[in-house]
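J.: What shape does this take:
(chains A and B)
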2 protein chains.
Amino acid sequence: MITGKNYIGNQLSSNGDITYRTFNPKLNIENEHIFYEASSKEIEKSVQMATQAFEVYQKVSGQKKAAFLNTIAEEILALDTQLIEAYTSETGLPEGRAIGERGRTVGQLKTFANLVEEGSWVEATIDTADPSRTPMPKPDIRKMSIPLGPVVVFGASNFPLAYSTAGGDTAAALAAGCPVIVKSHPMHAGTGELIASAIITAAKKTGMPDGVFSNLNSSGIEVGTKLVQHSSVKAVGFTGSIRAGRALLDLAGQRLEPIPVFAEMGSINPVVILPKAAQTKGENLAKTYAQSITLGAGQFCTNPGLILGIKDEALDNFVQTLSNEITAIEPSCMLHPNIIGNYEKNKANALQQNGLTKTVEYANNVAINHARQAVTAVEGKTFLSNSILHQEVFGPFSIVVQCKDADELTLIISNLEGQLTGTILAEDDELTAHKNIVDALQNRVGRIIFNGVPTGVEVCAAMVHGGPYPASTDSRFTAVGIDSIKRWVRPFSYQNWPNNLLPDELKNENLLTISRQINGKQTQNSI
Amino acid sequence: MITGKNYIGNQLSSNGDITYRTFNPKLNIENEHIFYEASSKEIEKSVQMATQAFEVYQKVSGQKKAAFLNTIAEEILALDTQLIEAYTSETGLPEGRAIGERGRTVGQLKTFANLVEEGSWVEATIDTADPSRTPMPKPDIRKMSIPLGPVVVFGASNFPLAYSTAGGDTAAALAAGCPVIVKSHPMHAGTGELIASAIITAAKKTGMPDGVFSNLNSSGIEVGTKLVQHSSVKAVGFTGSIRAGRALLDLAGQRLEPIPVFAEMGSINPVVILPKAAQTKGENLAKTYAQSITLGAGQFCTNPGLILGIKDEALDNFVQTLSNEITAIEPSCMLHPNIIGNYEKNKANALQQNGLTKTVEYANNVAINHARQAVTAVEGKTFLSNSILHQEVFGPFSIVVQCKDADELTLIISNLEGQLTGTILAEDDELTAHKNIVDALQNRVGRIIFNGVPTGVEVCAAMVHGGPYPASTDSRFTAVGIDSIKRWVRPFSYQNWPNNLLPDELKNENLLTISRQINGKQTQNSI
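T.: Numbering: from 1, shown residues only, chains lettered A, B, ... in the order given. Got it, this is the predicted structure:
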């Protein structure tokens, strides 16, 4: 049930004066529930409780954490139609998407449950002593990953489930042993509260310490600011705009004790279409890309906002087919009037730039809050000289850059900001011929794709969802996949520590039968 | 031969107007060579060359990088007495220390050579495709670590070899595939130039691209500032004071594209002596600690600057023995008049604080620039309320805090800033009885030691040399040991990439016979 209240640990609480409602963009009306923004007292209490909970939770066994995460997944499924209804009413997204995203969210929770239940993720490393070494005896040193402390997670507007309350950041942080305080996204506060209730129910059922999770409502920047500035908060997870992500990074950097901010931010996800590919399969690629550009009203971090090719007849045909295909697609509802407002503003701003031509924009009547998708084109040198065109237009919008040759295309890529993904559409033999383009693209992105679309981020061990700034604030980590747990831990060494007092992961006897590195060899053996 | 010039890639260069000399603290005179600070042009050129070199160097094979690193080690040894003489004349440290530190430096280079020659360090992870999966086919995704780009390394005053020109940061960055620009430490510019010449010789002998290494002289903050602000620099390594490390972190954070700064900074390395241990072996511990406090004139990051105990007769006896032992030790020369000047100033400032009593200070005449070691004592509540006493006094100085009980001791630890190390001196059964103390200490440090001294940082896989801020700027990484290579790389994914164009590490055929994770299993098999 949606109450509009905050979860301060296990308790529902609504002491604040600021209230707000969520919005149904399809019906263009406010939803019924009133949400109470967290007060300063509630913020403080949630952090205090998380800090206390950390003392216990950091030592909870992998098996128990797995039970907690699996129970969250079950409780989310148990929310059933209540959740799907809240989701669709707060986002304008269709039921199928809600169900798909719920599946992904539940899958992520289970993946992390398996990871911590198995236990090898802590990267236990043991170098045994050599008392006879000269001139100095060699000590016994044993290392493993331990959690950082309370983590603040910001809900993302575009993924109310998979990147929000119990999304990837939360699942990874809880798996790591960090209590989580979610700053709920105001656009889907009801969905967020339902998910929070599932987490709290699971925490109670599996005996987790009160304070291991809190969910704070907020309609402005105050709640998030106070959380990031709080000295007991040790790390931050965020998915959203460059402006907001950078503001959080700066806030965290100005603290007496700076803390890591893992912000996954904007990206225009450049796609290179090489000449032969444009010629041999341009038409099919155009059809595929019309779908990718408009998927979910273009509201994906990996939406292809930039298509680069070398100007010739085949590229012209590609643009023509793309334009035809894209106008044949029914426009979708965007998440919120503010989001479609920004989309229309940013699209208009791009179209005002000299040299950018609109090749197509959906022209028929559209329902309220539905986005008119558009494709535009520009010459390479014009694009290169106007950085406004390098900025993301969040929504179903893409620019095709018609370069005069491969060198200009390479130069453009080299001058792009960091990106989550880069895609090459090519015939096999073209990659070697255009090695410079591939090399330049690799230096700007976190993931490179061959003959595919950037939308669709597989949750797997080999995934990198991140990239050079401003794709993310720290390219050394991924936001998706099991390695995303590494954001919330630090390595810790014990020197000559008594065996019986070491954590099980590091004892001589391999009680958890995890894989460990002992004196340079990876093994499941005991010592 | 020392020329006083910069290495801009392979070329010696001295275009700048600012000159300076190094200082022999033992003789209390300037050394003969004149050093030319790098000019703006030279800085720019070194970064440009590093950027160009990166295009080639990032793809150099592990085998070739290993040859480069091993040749650097050989060339350093070939400098022979020339190096040892420069080292001792620029630091006042004895020849034995110079030889020991050279051994460690050469050892680090060889360790990283072995690591990249073997090759598994890139953490190759492969999730193969499943075209039959519904609703969406599963793509083939393959991940490995790739280098970040040009890295700037700041030489450290207290380790002219092991943490400077070819020290741990440089060795790890070169191993990772990053070109390195060293901002030489002004106190040992001659030692730095000799080591740089060894690196350049090795780079030429092994065919590395010009620009893979540069060495810039500097006497102030300008050279370092310009390097950290340069848009083509992608990461920074630093060992030194909190003030300087924080300044670099802030500079890097204010860039349009923020970059990671790995600064290993100050630490007072708390040591807890529990009551039984004080009683049963206090005298031996006092002897050991007198040595640890004065080792290398107290100029180690892991110097024990704070000893915490519970006030009783045994602790009084420990302090008495420590005081007696420490005055029996011959004072050592510090690195530079500025360093001993700061030591005397900070020691005097600490001694002016209310409630701090000097239990002993070396009283006999000392040679010029030699440090008078001192031990002081203070009550727990006084220490707790005066944060000046929590600050590092860099040199042979330690405070013994006499707590009224275990709770006060725990509270003090909880209020300490982050530390590189924490040590517990105890009888085995005391650890369980004082679980709160151990837990509190673990939350504040990167490495915890049982019945030993914090000085001495083993270079091994299980080592963590780092810790919560301000011990380091990012506790998620270590500055010593093979995992320190992780600071200079980011994960990178290939999606559906043609097998023949993948790097060898990720091809179906395991050409390098490295250990890889394939569909969740660690294996050396091909696909």
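
J.: could you point out where the stretch 251-400 of chain A is predicted with low confidence?
T.: Flagging of the stretch 251-400 of chain A using pLDDT under 70 yields an empty set of residue ranges.

J.: Check which helices and strands the longest helix along chain A is in contact with.
T.: Using DSSP state H, we find that the single longest helix of chain A is helix A:62-91. For helix A:62-91, the packing partners by 3 or more CB pairs under 8 Å, 6 or more residues apart in numbering or on different chains; DSSP states H and E come out as strand A:23-24, helix A:95-118, helix A:168-176, helix A:189-205. (C-beta placed from N, C-alpha, C; glycine too.)

J.: among the ones you listed, which is the most enclosed?
T.: Most buried of the helices and strands packed on helix A:62-91, by mean neighbour count (mean count of other CB atoms under 10 Å in any protein chain shown): helix A:168-176, with a mean of 30.

J.: Contact partners for A:G282?
T.: For A:G282, the contact set (CB atoms under 8 Å, 6 or more residues apart in numbering or on different chains) comprises A:273, A:314-315, A:317-318, A:321.

J.: Which residue ranges of the stretch 151-300 of chain A form helices?
T.: Using DSSP state H, counting those that start in this stretch, the helices of the stretch 151-300 of chain A run over residues A:168-176, A:189-205, A:222-229, A:242-253, A:275-294.

J.: Separate out the buried members of the contacts of A:G282.
T.: Among the contacts of A:G282, those classed as buried by 16 or more other CB atoms under 10 Å in any protein chain shown are A:273, A:314-315, A:318, A:321.

J.: For B:G456, find the nearest of the helices and strands packed on helix A:62-91.
T.: helix A:168-176 (30.5 Å; CB to CB).

J.: so who does the spatially closest residue to A:L79 that is not a sequence neighbour touch?
T.: Nearest residue to A:L79, sequence neighbours excluded (CB to CB, 6 or more residues apart in numbering or on different chains): A:L194, at 5.4 Å. Applying CB under 8 Å, 6+ apart, we find A:L194 in contact with A:2, A:79, A:82-83, A:86.

J.: which of these lies closest to chain B?
T.: Set against chain B, the nearest of those by CB to the nearest CB is A:L83 (20.4 Å).

J.: Would you confirm that that closest one contacts A:I76?
T.: Yes. A:L83 lies in contact with A:I76 (CB atoms under 8 Å); the separation is 7.0 Å.

J.: Show me the common contact partners of these two, please.
T.: With CB under 8 Å, 6+ apart, A:L83 and A:I76 have common neighbours A:102, A:195.

J.: that older thread, to B:G224, which of the helices and strands packed on helix A:62-91 lies closest?
T.: Across the helices and strands packed on helix A:62-91, closest to B:G224 is helix A:168-176 (CB to CB), at 34.8 Å.

J.: Now find how far off-centre the closest one is within its chain.
T.: Centre-to-centre, helix A:168-176 and its host chain are 12 Å apart (CA atoms, centre = their mean, to the nearest Å).

J.: CA-only coordinates of that helix, as CSV, when you get a sec.
T.: Taking Å, rounded to 0.1, in the frame of the first residue of the first chain, the C-alpha atoms of helix A:168-176 are listed here in CSV:
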residue,chain,number,x,y,z
GLY,A,168,21.5,-2.4,-9.5
ASP,A,169,23.2,0.1,-7.2
THR,A,170,21.1,-1.0,-4.1
ALA,A,171,21.4,-4.7,-4.9
ALA,A,172,25.2,-4.4,-5.3
ALA,A,173,25.6,-2.3,-2.1
LEU,A,174,23.5,-4.6,0.0
ALA,A,175,25.4,-7.6,-1.4
ALA,A,176,28.7,-5.9,-0.5
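
J.: ok, residues contacting that helix?
T.: Residues contacting helix A:168-176 (CB under 8 Å, 6+ apart): A:65, A:68-69, A:108-109, A:111-113, A:115-116, A:145, A:147-148, A:151, A:153, A:162-163, A:180, A:182, A:199, A:212-213, A:235, A:237, A:239, A:262, A:459, A:479-480, A:484-485, A:487-489.

J.: let's see it at 6 Å
T.: A:108-109, A:112, A:116, A:147, A:151, A:153, A:180, A:237, A:480, A:484-485, A:488-489 (CB atoms under 6 Å, 6 or more residues apart in numbering or on different chains).

J.: got any ranges where chain A has weak pLDDT?
T.: Using pLDDT under 70, chain A has no residue that qualifies.

J.: Break it down into its domains, please.
T.: The record's domain parsing of chain A by automatic domain parsing lists A:6-265+A:476-487, A:270-450.

J.: and the last one, how far out from the chain's middle?
T.: Counting by CA atoms, centre = their mean, domain A:270-450 is centred 22 Å from the centre of its parent chain.

J.: related to what we said a few turns ago, can you give me the buried ones in the longest helix of chain A?
T.: Within helix A:62-91, the residues that qualify as buried are A:62, A:65-73, A:75-76, A:79, A:83-91, counting by 16+ other CB under 10 Å.

J.: Ramachandran angles for A:R255?
T.: phi -70, psi 160 (degrees, to the nearest 10).
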